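**Student:** Following is a predicted model, sequence given first.
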Amino acid sequence: MRKTEPKEFFTDAEQDKITRAIAQAEKETSGEICVRIDRRCPSDAVKHAGRLLRALGYSSTKARTAVLIYICLEDRQVAIYGDEGIHQKIGDQGWEKIRNQLVTHFRQDQFLEGVIATIAAVGAVLKEHFPCAKEKPNELPDKPSFG
């Protein structure tokens, strides 16, 4: 059984795999991918993910192309939230499709697999709309953050 403490939900080795998956997905896009894990969600997961994107400074990327993969453990909620630059391209339905794939993995207790597949799906969307520039700084941390 997984722990509900955000920092302990994924082992250190699993967190490293998530970090590497983000770094790999970001190689082919100028966008940024972030994973956030909280214990509780004070409101609707999508609305809270949007507030977190801004509060954590993730909306400060040059082209506004950060995407937050948000996981709330005790409330069993997940959300995919894209900043305005990428959201204009994919919209609510696109994020919902990716979110549903994450939920399917989680229902099968495939937590790491689900997060990595979601990172890859977000990376593919970012690559399609915002391919990698020659000089691509890593604007945001690749490691998951915890609430």
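**Tutor:** Yep, that arrived.
**Student:** next structured bit after the helix or strand where Ala120 lies?
**Tutor:** When secondary structure is defined by DSSP states H and E, Ala120 falls within helix 111-129. Counting by DSSP H and E, the element after helix 111-129 in chain order, helix or strand, is strand 145-146.
**Student:** Adjacent strands (with direction) for that following strand?
**Tutor:** Strand 145-146 has the following sheet partners, assigned by DSSP bridges: strand 32-38 (parallel).
**Student:** Following element in sequence after the strand it pairs with, please.
**Tutor:** Once the chain leaves strand 32-38, the following helix or strand, as judged by DSSP H and E, is helix 45-55.
**Student:** orientation of that following helix relative to strand 32-38 in degrees?
**Tutor:** In terms of direction (axes from the mean of the first three to the mean of the last three CA atoms, to 10 degrees), helix 45-55 departs from strand 32-38 by 120 degrees.
**Student:** Okay, now the unreliable bits of the chain?
**Tutor:** Confidence mapping of the chain against pLDDT under 70 gives zero matching residues.
**Student:** helix/strand/coil for the most centrally placed residue in it?
**Tutor:** With the centre of the chain defined as its mean C-alpha position, the nearest residue by CA atoms, centre = their mean is Ile69, 2.3 Å away. Recorded secondary structure, Ile69: strand (DSSP: H, G, I helix; E, B strand; the rest coil).
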